[in-house]
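K.L.:
Got a sequence here, can you model it:
(chains A and B)
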Number of protein chains: 2
Amino acid sequence: MNTKVYFTPGPSELYPTVPVHMHTAMEDKIGSISHRSKQFQEIYAKAESGLRELLQLPDEYEVFFVASATEIWERAIQNNVQRESFHLVNGSFSKRFYETAAELGRETRQHEAPFGQGFDVQRISVPSSAELIALIQNETSSGACMPVDEINQFREKAAADALIYVDAVSSLPYPAFDFAKVDSVYFSVQKCFGLPAGLGVWLVNDRCMAKARSMQESGTSIGSYHTLPALLEKALASQTVETPNVLNIYLLGKVLEDMNRKGVETIRSETEAKATQIYTYLERSAVFSPAVENPKHRSKTTIVANSTISSAEVNKQLAAFDMQVGSGYGKYKEAQIRIANFPTHSPEQVEKLVSKLEELFG
Amino acid sequence: MNTKVYFTPGPSELYPTVPVHMHTAMEDKIGSISHRSKQFQEIYAKAESGLRELLQLPDEYEVFFVASATEIWERAIQNNVQRESFHLVNGSFSKRFYETAAELGRETRQHEAPFGQGFDVQRISVPSSAELIALIQNETSSGACMPVDEINQFREKAAADALIYVDAVSSLPYPAFDFAKVDSVYFSVQKCFGLPAGLGVWLVNDRCMAKARSMQESGTSIGSYHTLPALLEKALASQTVETPNVLNIYLLGKVLEDMNRKGVETIRSETEAKATQIYTYLERSAVFSPAVENPKHRSKTTIVANSTISSAEVNKQLAAFDMQVGSGYGKYKEAQIRIANFPTHSPEQVEKLVSKLEELFG
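P.N.:
Alright, predicted model coming up:
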């Protein structure tokens, strides 16, 4: 029996109800049902409607289930970029999306900010030829975030037919997006939704759909089984093209039901309260300090701290108290720690983590 | 509590040990561990070595975990076909692979046999320009199979550098392949391995790797995160590129351990004995008859029967006895039934199904 509490930035602590839902899934043999059955369609529809409710998603948006957010980077370029994309890059994951576009043979440009910093949005000019503008709401590698009011400025900056994509992999459902100001938002379930990994969720509006169709009609290959039109055709029947991760779609529906019962506003305000508690400690700590300088650009869900003690040593000492934080990302592996502050992490757990960090390291 | 036994052709009955392994996974919090941790690397390595043992896979083969067999169709074309592929088509899934190649802009040719029939291999000539020869060992839609001795004839027929791909989605580990006579074999875990859906397994040899590298070096885009070189780089560290379906890789390793304990020879001979029992009944039944005429081409793992009673009615009556078979595929939905004969289905369960079918329908 593993009693450790995971504050790692995803995979992370499962949502508290997941083990019970998984037990029910095994008892009900959800792993055995056909992905073409009515029972599956109901499971799919429940997950989709739960998500629409939680995120207050407008009707012009579709919800697609794919394998990972990594897959979504590839599908976004294939389906929505004929020639050129533009990427805001300030960490490893935003950089990876940029590289994906190049690997798929597109012209691609980036506006780069240093690792651990947000962007000075006023000063960014978006090339008028860019068909897709890739924004990163929450950079999981560095803990820098882009507040919604900054995201909302890009519609004015971009060409009228450019599509605005937002990476919210490790932040949704925290940010309250204005979905009219963007065109696509995507996330992974193993972050703030507290599920086992193996499912990416891609929200796209009718503008993304139209662009994919027009690329397809022009004779461009937009992929095979996971083109936007192919995804939509099945989604309209509450199905997927391939045999999907049925168990995770089931669990997502169940967790969304739990989250909607709690209410997204409660989840958001709890997230803010816990983040404040963590940052307040980091500010006064002798060994840790917030890695993102500008408070406005500090993530509420993946909190990164510079550390004078190696992350390995931090975790070694925390292990004695059944807790674990994330190490830094890439070259910051030892010099930083990352603390996930997801809906699954209760105020009590966060308080216990902060107390223990202070007790152990000051 | 659902006590039904699923003879559906995948998703199907889970392997009997899966619920216990899932319970252990929840207790050990496998859903929370990092996909970059040593613990995950051990889980990955266990699944890979279990598979190598069960299939007696030669060292020149790599094992890659992706999202689905549907994904593998796309990756195979992207990574291993510059211009042209050749497909043996005798049902919906072999046809889909053929269509995938066309959707990705390749020239593609097919040799077609009627739905529900095997191939007359002697009479097939393979175009010398084909870079990939797509064989279908087991056509899940129709229940037609290609025996290993027929598969082994294609190396001689194809150009020296052509790659021979084998779809064993719903048959492995039953067929004892001669891996030297083919280049890639792939399957899904929700069929004969008795796992929840959401994982495809792609076995490729060094010839497939070399072809992908040469395409990449020639400037062809072979994809982004799931190119063969990208998959290999991570696989060598017992990791995946993206955050994968960790839970399913864990369960696969556990089930493989169980299967290896039983022994692949036992699994294969049990499969044959159960298949004989089912086909013997179908031959004498008043309402069912084997859909595949030639006994040599009758699948041992997905057994399809023509039915004078609709599949819906068959399942309605079986439901009273907590059993379910698959309906026919596509336009054969009502006119055929499909019976999965996977390693999870015990001789006792198969006997009970056959007795009940006979009792109910004669």
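K.L.:
what does the stretch 101-250 of chain A have sitting close to chain B?
P.N.:
Within the stretch 101-250 of chain A, the positions lying close to chain B (CB under 8 Å from any CB of the partner chain) are A:103-105, A:188, A:190, A:195-199, A:221, A:223-227, A:241-248. Every residue, glycine included, has its C-beta placed from N, CA and C.
K.L.:
Sort out for me which of those residues are in helices.
P.N.:
Using DSSP state H, A:E103, A:V246, A:L247, A:N248 are the members of those that sit in helices.
K.L.:
any chance of those residues in CSV, with pLDDT too?
P.N.:
Below are those laid out as CSV (pLDDT from 0 to 100):
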residue, pLDDT
A:E103, 96
A:V246, 98
A:L247, 98
A:N248, 98
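K.L.:
Let's see if you can find the most crowded of those.
P.N.:
A:L247 (28 neighbours; other CB atoms under 10 Å in any protein chain shown).
K.L.:
In space, what's closest to that one - neighbours in sequence excluded?
P.N.:
B:P196 (4.6 Å; CB to CB, 6 or more residues apart in numbering or on different chains).
K.L.:
What is the burial count for that neighbour?
P.N.:
B:P196 is flanked by 26 other residues according to other CB under 10 Å.
K.L.:
Which residues are in contact with it?
P.N.:
Counting by CB atoms under 8 Å, 6 or more residues apart in numbering or on different chains, B:P196 touches A:I30, A:G31, A:N245, A:V246, A:L247, B:P11, B:L14, B:V18, B:V189, B:Q190, B:N248, B:L251.
K.L.:
And the residue nearest the centre of chain A?
P.N.:
Closest residue to the average C-alpha location of chain A: A:V169 at 1.0 Å, with CA atoms, centre = their mean.
K.L.:
ok but that residue is inside a helix, no?
P.N.:
No: the assignment for A:V169, made by DSSP: H, G, I helix; E, B strand; the rest coil, is coil rather than a helix.
K.L.:
From A:E139, how far out is it?
P.N.:
For A:V169, the distance to A:E139 (CB to CB, to the nearest Å) stands at 9 Å.
K.L.:
Please enumerate the shared neighbours of the two.
P.N.:
Common neighbours of A:V169 and A:E139, using CB under 8 Å, 6+ apart, are A:F93.
K.L.:
Determine the three-state secondary structure at A:Y279.
P.N.:
Reduced to three states by three-state DSSP, A:Y279 is helix.
K.L.:
ok so, going back, from the contacts of B:P196, which single one is nearest B:H345?
P.N.:
Closest approach to B:H345 among the contacts of B:P196 (CB to CB): B:L14, at 11.1 Å.
K.L.:
how about the closest one, secondary structure?
P.N.:
Secondary structure assignment for B:L14 (three-state DSSP): coil.
K.L.:
Same check on A:E334?
P.N.:
coil.
K.L.:
now do the one 3 residues further on
P.N.:
State at A:I337, reduced to three classes by three-state DSSP: strand.
K.L.:
quick one: contacts for the nearest residue in space to A:D28 that is not next to it in sequence?
P.N.:
Of all residues not flanking A:D28 in the chain, B:N2 sits nearest, at 4.8 Å (CB to CB, 6+ apart). Taking CB under 8 Å, 6+ apart, we find B:N2 in contact with A:E27, A:D28, A:K29.
K.L.:
quick one: the closest residue to chain B within the stretch 201-350 of chain A and B:L195, what's the gap?
P.N.:
At 3.2 Å from chain B, A:N245 is the closest residue in the stretch 201-350 of chain A, using CB to the nearest CB. The gap separating A:N245 from B:L195 is 11 Å, by CB to CB.
K.L.:
what touches both of these two?
P.N.:
B:N248.
K.L.:
Contact partners for the residue of the stretch 51-200 of chain A found nearest chain B?
P.N.:
Closest approach between the stretch 51-200 of chain A and chain B, counting by CB to the nearest CB: A:G198, at 3.1 Å. Residues in contact with A:G198 (CB under 8 Å, 6+ apart) are A:67-68, A:189-190, A:245, A:248, B:67, B:198-199, B:243-248.
K.L.:
What segments of the stretch 101-250 of chain A are helices?
P.N.:
A:148-151, A:154-157, A:206-217, A:228-235, A:246-262 (DSSP state H, counting those that start in this stretch).
K.L.:
Let me know which of the ones you listed is tucked in deepest.
P.N.:
For those, the largest average neighbour count (mean count of other CB atoms under 10 Å in any protein chain shown) is found in helix A:246-262, namely a mean of 22.
K.L.:
could you check the angle helix B:246-262 makes with that helix?
P.N.:
140 degrees (axes from the mean of the first three to the mean of the last three CA atoms, to 10 degrees).
K.L.:
who touches helix A:246-262?
P.N.:
In contact with helix A:246-262 (CB under 8 Å, 6+ apart) are residues A:15, A:17-18, A:21-22, A:25, A:30-31, A:33, A:35, A:40, A:43-44, A:46-47, A:50-51, A:53-54, A:65, A:173, A:189, A:193-196, A:198-199, A:201, A:267, A:343, B:11, B:196-198, B:245.
K.L.:
One more pass at 6 Å, please.
P.N.:
Helix A:246-262 has contacts (CB atoms under 6 Å, 6 or more residues apart in numbering or on different chains) with A:15, A:17, A:21, A:25, A:30-31, A:43-44, A:46-47, A:50-51, A:53-54, A:65, A:189, A:193, A:195, A:198-199, B:196-197.
K.L.:
Which entries within these meet the buried criterion?
P.N.:
Buried by 16 or more other CB atoms under 10 Å in any protein chain shown: A:15, A:17, A:21, A:25, A:30-31, A:43-44, A:46-47, A:50-51, A:54, A:65, A:189, A:193, A:195, A:198-199, B:196-197, out of the contacts of helix A:246-262.
K.L.:
Of the residues you listed, which belong to strands?
P.N.:
In strands, defined here by DSSP state E, the members of the buried ones among the contacts of helix A:246-262 are A:F65.
K.L.:
A:L132 against A:Q78, yeah?
P.N.:
No: checked against CB atoms under 6 Å, the pair A:L132 and A:Q78 is beyond contact range at 11.0 Å.
K.L.:
So for those two, which residue has more residues nearby?
P.N.:
More crowded of A:L132 and A:Q78, by other CB under 10 Å: A:L132, with 27 against 24.
K.L.:
so who does the more buried one touch?
P.N.:
Counting by CB under 6 Å, 6+ apart, the residues that A:L132 touches are A:N80, A:V81, A:S85, A:L163, A:Y165.
K.L.:
ok, and does the host helix or strand of the third one reach over to chain B?
P.N.:
When secondary structure is defined using DSSP states H and E, the element that contains A:S85 is strand A:84-89. No: contact of strand A:84-89 with chain B (CB under 6 Å from any CB of the partner chain) is absent, the minimum separation being 12.7 Å.
K.L.:
CA atoms only: put that strand into CSV for me.
P.N.:
The C-alpha trace of strand A:84-89 is given here as CSV (Å, rounded to 0.1, in the frame of the first residue of the first chain):
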residue,chain,number,x,y,z
GLU,A,84,3.0,28.8,-41.4
SER,A,85,2.5,28.9,-37.7
PHE,A,86,3.6,31.3,-35.0
HIS,A,87,4.6,30.2,-31.5
LEU,A,88,5.1,31.9,-28.2
VAL,A,89,7.9,30.0,-26.5
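K.L.:
Report all helices and strands that that strand contacts.
P.N.:
Packing partners of strand A:84-89 (3 or more CB pairs under 6 Å, 6 or more residues apart in numbering or on different chains; DSSP states H and E): helix A:92-103, strand A:107-112, strand A:132-136.
K.L.:
highest average neighbour count across these?
P.N.:
For the helices and strands packed on strand A:84-89, the highest mean count by mean count of other CB under 10 Å goes to strand A:132-136, at a mean of 26.
K.L.:
Please name the strands paired to it in the sheet, noting orientation.
P.N.:
In the sheet, strand A:132-136 lines up against strand A:84-89 (parallel), strand A:163-167 (parallel) (DSSP bridges).
K.L.:
Now the longest one: average pLDDT?
P.N.:
Mean pLDDT, computed over strand A:84-89, is 98.
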